[in-house]
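Trainee: Give me a model of this one.
(one chain, ligands or ions: 2)
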Amino acid sequence: MNAFSPENGTPAVSATELPFTPEVAAATAGIWSKVERVLPAEEWHLHAPYIERINKLKKQRNAVILAHNYQTPEIFHGVADIVGDSLALAKRAAESDADVIVMAGVHFMAETAKLLNPSKIVLMPDMEAGCSLAESITPADIRLLRETYPDAPVVTYVNTSAAVKAESDICCTSGNAVEVVESLGAERVLCLPDEYLAKWVATQTKVKILTWKGHCEVHERFTPEEIRRFRRAYDDLIVIAHPECPPEVIAEADFAGSTAKMIDYVRDAKPPRVLMITECSMSDNIAAASPTTEFVRPCIMCPHMKKITLPKILHALETLEPRVEVDPEIAVKARRAVERMIAVGRK
Ligand code: 13P
Ligand code: SF4
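Mentor: Ligands and ions are numbered 1, 2, ... in the order given. This next block holds a predicted model:
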């Protein structure tokens with residue numbers, strides 16, 4: 001298990017400081033039954049004491065833990081109250097009546113939660129958990145693009161900073177990007193910053209899509225050759241890909257969709273063997289609910305998501321730090337873009 005990183009100023013906590021006692025085993029037995037197919041017992045003995053302590057403290061704090069589908073199984077099944085794709089996390093954050101929100105995801109997700117819950121404490125267990133897409137574009141880039149394409153509304157992916165969202169007309173996620181683009185009634189739309197998501201949207205709509213050169217450092221690493229190699233090895237293989245993948249990778253897949261849509265696909269179609277072209281914790285997280293499906297697992301991890309660990313979540317709940325804050329002027333504008341996106345889904 002990862003300890004706190006010394007560079008973010010948080011003291012290192014050794015996993016051995018929390019013992020795996022019979023009480024811990026009893027309190028976490030139900031969770032163990034969900035993860036035993038994907039976690040070795042030795043590893044579980046390190047996680048379980050943290051899970052037990054976090055779940056107790058969470059109640060005392062009236063806190064809710066939101067976890068993205070890419071979180072590790074011990075977080076996803078062990079301590080999260082709400083799990084889902086970026087769209088679900090944004091919506092559920094808006095509905096929460098907890099006093100404290102802990103984001104087991106990356107920084108832009110915590111900012112989105114804060115935008116939708118300005119009066120609540122939003123904790124980000126590791127402030128260094130960023131995103132290559134969010135880092136690919138700045139507010140100044142958006143202003144320049146607006147000057148160049150004054151007729152094109154700006155749709156920004158939620159994988160952006162609050163400052164970038166504030167310069168946008170509306171946000172989108174991979175789960176609603178086509179719907180959002182079509183809701184604007186424009187002939188052409190700037191769909192930023194993910195080049196590959198934008199290209200995938202362009203295949204699903206008649207609206208002309210203009211884009212940017214941002215990429216997800218996880219999804220851009222998959223190749224069509226790799227998929228063909230797996231298909232040669234397993235003739236019953238179903239391949240499902242995330243739209244952040246390059247177009248030539250999506251062209252090799254049987255289905256493309258957001259992480260939630262990928263999960264729904266496996267749950268509903270129950271393929272005997274599936275290859276998920278996305279961050280590798282996804283397969284682990286849904287394996288328990290899909291016992292008849294075998295997951296072929298090439299593993300590419302998101303290094304940002306993996307900065308979040310159980311000891312850091314516990315530390316955040318104990319200290320109520322580090323907190324995510326958004327400049328109030330930026331927040332007003334960014335919130336409008338996120339709320340417009342959520343309203344599209346309600347229509
Ligand atoms: P979704 O969960 O919205 O599909 O996004 C994937 C992703 O890469 C989030 O960082
Ligand atoms: Fe960003 Fe890609 Fe990691 Fe998602 S998986 S947080 S898009 S770098």
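Trainee: ok, stretch 217-233 near ligand 2 or not?
Mentor: Yes: Stretch 217-233 is in contact with ligand 2 by Cβ under 6 Å from any ligand atom, via 217-218. In this view, the C-beta of every residue, glycine as well, is placed from N, C-alpha and C.
Trainee: tell me the mean pLDDT for that stretch?
Mentor: For stretch 217-233, mean pLDDT is 97.
Trainee: Contacts for that stretch next, please.
Mentor: Residues outside stretch 217-233 that contact it (Cβ atoms under 8 Å, 6 or more residues apart in numbering): 132, 196, 237, 239, 241-242, 244-246, 248-249, 251-253, 275, 277-279, 296, 298, 300-303.
Trainee: Among those residues, which are located in helices?
Mentor: Per DSSP state H, helices hold the following members of the contacts of stretch 217-233: 196, 248-249.
Trainee: And stretch 113-120, what's buried?
Mentor: 113-117, 120 (16 or more other Cβ atoms under 10 Å).
Trainee: Revised request: answer the last question for stretch 147-158.
Mentor: For stretch 147-158, by 16+ other Cβ under 10 Å, it's 152-158.
Trainee: sorry, back to before: any chance of JSON lines for the ones in helices among the contacts of stretch 217-233, columns neighbour count and pLDDT?
Mentor: What follows is the ones in helices among the contacts of stretch 217-233, written out as JSON lines (neighbours: other Cβ atoms under 10 Å; pLDDT from 0 to 100):
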{"residue": "Y196", "neighbour count": "23", "pLDDT": "98"}
{"residue": "E248", "neighbour count": "13", "pLDDT": "98"}
{"residue": "V249", "neighbour count": "24", "pLDDT": "98"}
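Trainee: which of the residues you listed lies closest to I31?
Mentor: V249 (34.3 Å; Cβ to Cβ).
Trainee: The closest one and A260: what is the separation?
Mentor: Shown here: V249 relative to A260, a distance of 20 Å by Cβ to Cβ, to the nearest Å.
Trainee: Now name the helix or strand holding E329.
Mentor: Using DSSP states H and E, the element containing E329 is helix 328-346.
Trainee: which parts of the stretch 101-250 of the chain sit against ligand 2?
Mentor: 106, 131-133, 159, 216-218, 244.
Trainee: pLDDT-wise, which helix or strand of the protein ranks last?
Mentor: helix 86-95 (a mean of 85; mean pLDDT, DSSP states H and E).
Trainee: Identify each buried residue in that one, please.
Mentor: 86-93.
Trainee: Let me have those in a markdown table, adding distance to V35 as columns.
Mentor: What follows is those, written out as a markdown table (distance: Cβ to Cβ, whole Å):
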| residue | distance to V35 |
| --- | --- |
| S86 | 23 |
| L87 | 25 |
| A88 | 21 |
| L89 | 21 |
| A90 | 26 |
| K91 | 26 |
| R92 | 22 |
| A93 | 25 |
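Trainee: Would you tell me which one of those comes nearest to L145?
Mentor: Using Cβ to Cβ, the buried residues of helix 86-95 come closest to L145 at S86, 22.4 Å.
Trainee: give me every residue that touches the nearest residue to that closest one once chain neighbours are set aside.
Mentor: Leaving out its chain neighbours, the residue that sits closest to S86 by Cβ to Cβ, 6 or more residues apart in numbering is T173, at 4.5 Å. By Cβ under 8 Å, 6+ apart, the contact set of T173 is 85-87, 90, 157-158, 258, 341.
Trainee: pretty sure A98 is touching I65, no?
Mentor: No: with contact defined as Cβ atoms under 8 Å, A98 does not reach I65; the gap is 9.3 Å.
Trainee: I am finished for the moment; much appreciated.
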